[in-house]
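**Student:** kindly return the folded structure for what I paste below:
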Amino acid sequence: MEASSSSLSESISSALHAAFAGDDESSRVINIELEGSCTVGDAKVTLYLVSSNFTPLNRLKRHKLVNAALASFLEDGGGVHALTFKCKTPEEHEKAQTKAVAMEED
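**Tutor:** Below you'll find the model as predicted:
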């Protein structure tokens, strides 16, 4: 799969949105960062995801869910060499944001 970084980012975002279809608007991709060459398949992808689908799941199950959604990108020729991500529930995300704001105020 040859892709520019913007089209790879859009493709990853679309795959994640499709995987979480049926979830309410609390599901969103907060951030996608790409490093490396997308055209030779060595892109390093960092994601920050928020979804209420993660609420009943532990960290391992959350990661399996995201890996399954992005499996085609991780295969040979899929464009992604390394994948790093954080999966938060809306409540966990809100708590992290509140903590970050409190730290900035100190």
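**Student:** and residue 63, how far is that from residue 83?
**Tutor:** Distance, residue 63 to residue 83, using C-beta to C-beta, to the nearest Å: 10 Å. Using the backbone N, CA and C atoms, a C-beta is placed for each residue, glycine as well.
**Student:** wait, what's in contact with the residue most central in space within the chain?
**Tutor:** Geometric centre of the chain, nearest residue: residue 47, 3.6 Å, by C-alpha atoms, centre = their mean. Residue 47 is in contact with 12, 16, 29, 31, 32, 33, 66, 83, 84, 85, 86, counting by C-beta atoms under 8 Å, 6 or more residues apart in numbering.
**Student:** next SSE downstream of the worst-scoring helix or strand of the chain on mean pLDDT?
**Tutor:** None of the helices or strands of the chain scores lower by mean pLDDT, DSSP states H and E than strand 28-35, at a mean of 79. With elements assigned by DSSP states H and E, the helix or strand that comes after strand 28-35 is strand 43-50.
**Student:** and the helix or strand following that next one, what does it pack onto?
**Tutor:** For strand 43-50, the following helix or strand on the C-terminal side (DSSP H and E) is helix 59-69. Contacts defined by 3 or more C-beta pairs under 8 Å, 6 or more residues apart in numbering; DSSP states H and E place helix 59-69 against helix 5-19, strand 80-88.
**Student:** recalculate using a threshold of 10 Å.
**Tutor:** If you count contacts as 3 or more C-beta pairs under 10 Å, 6 or more residues apart in numbering; DSSP states H and E, helix 59-69 packs onto helix 5-19, strand 43-50, strand 80-88.
**Student:** give me the low-pLDDT residue ranges for this protein?
**Tutor:** 1-5, 21-27, 37-41, 106 (pLDDT under 70).
**Student:** buried subset of the contacts of residue 47?
**Tutor:** By neighbour count, with 16 or more other C-beta atoms under 10 Å, the contacts of residue 47 hold 12, 16, 29, 32, 66, 83, 85, 86 as buried.
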